[in-house]
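**Student:** Structure for the following, please:
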Amino acid sequence: MTLNIRLSVASLLRRIFSRRFLKFGTVGVSGIFINQGVLYLAQEHWFKAVSASGEVDWLRLNMALALAIFFATLNNFFWNRLWTWADRKQHYDRPVLVQFGQYTLSCGVSIALQVAFTNLLAPHVYYLIANLIAIIFTSVLNFLLNDIWTFGRLKLKGKLP
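**Tutor:** Residues are numbered from 1 along each chain as shown. The predicted structure follows:
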């Protein structure tokens, strides 16, 4: 392994095992409760009329997942902005909706993987457990994308560092 690769890996590991990642994880746990709660309510109550069969209905599950992911993403964005990356105030110059759009785009890969993993696992395990496993696997990727891009120390055009 070359020195540059080792330094990049070391930097990545420092980023992952940081205090900020613990804050991100704490916010993520609150998002998991919202995600799981909304998923349960939507799947078992709000969208119950979508299917009367006893098996997992894919349309109902994906409608419930979309709603659960939306509310968890909204919760996580505001808490991460106010607490996890509160020290990076230079990003507050951007309108909140612009930053939320950037946050949502950076979470998009994680969201797509969460839906894919949940759908792949749901036939084999209870859907809430399938969703929880998917969330755990996508969390590290989500943190890195947001730490680097959404709340990163990227130089903004026309602004001094």
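**Student:** which residues touch the residue lying closest to Phe137 once chain neighbours are set aside?
**Tutor:** Nearest non-adjacent residue to Phe137, counting by Cβ to Cβ, 6 or more residues apart in numbering: Phe117, 6.3 Å away. To be clear about C-beta, it is placed using only N, CA and C from the backbone, and glycine gets the same treatment. Neighbouring residues of Phe117 by Cβ atoms under 8 Å, 6 or more residues apart in numbering: Ala130, Ile133, Ala134, Phe137, Thr138.
**Student:** hmm, try it at 7 Å
**Tutor:** Ile133, Ala134, Phe137 (Cβ atoms under 7 Å, 6 or more residues apart in numbering).
**Student:** now do Thr104
**Tutor:** Counting by Cβ under 7 Å, 6+ apart, Thr104 has contacts Thr73.
**Student:** what's Ala130 in contact with, if anything?
**Tutor:** Thr118, Leu121, Ala122.
**Student:** again, 10 Å this time
**Tutor:** Contact analysis of Ala130 by Cβ atoms under 10 Å, 6 or more residues apart in numbering lists Val56, Leu61, Gln114, Phe117, Thr118, Asn119, Leu120, Leu121, Ala122, Pro123, His124.
**Student:** got the buried residues for the strand or helix carrying it?
**Tutor:** Here Ala130, judged by DSSP states H and E, is contained in helix 127-145. Buried residues in helix 127-145, defined by neighbour count with 16 or more other Cβ atoms under 10 Å: 127, 130-135, 138-139, 142-145.
**Student:** repeat for stretch 40-47
**Tutor:** Tyr40, Ala42, Gln43, Phe47.
**Student:** And for that stretch, what's in contact with it?
**Tutor:** Contact with stretch 40-47 is made by 38, 48, 50, 56-57, 59-68, 71, 127-128, 131, as judged by Cβ under 10 Å, 6+ apart.
**Student:** Just the buried subset of these, please.
**Tutor:** Listed as buried from the contacts of stretch 40-47 are 38, 50, 57, 60-61, 63-65, 67-68, 71, 127, 131; burial here means 16+ other Cβ under 10 Å.
**Student:** ok, those vs Gly108, which is closest?
**Tutor:** The closest of those to Gly108 turns out to be Leu65 (Cβ to Cβ; 14.2 Å).
**Student:** tell me the secondary structure for that closest one?
**Tutor:** For Leu65, the assignment made with DSSP: H, G, I helix; E, B strand; the rest coil gives helix.
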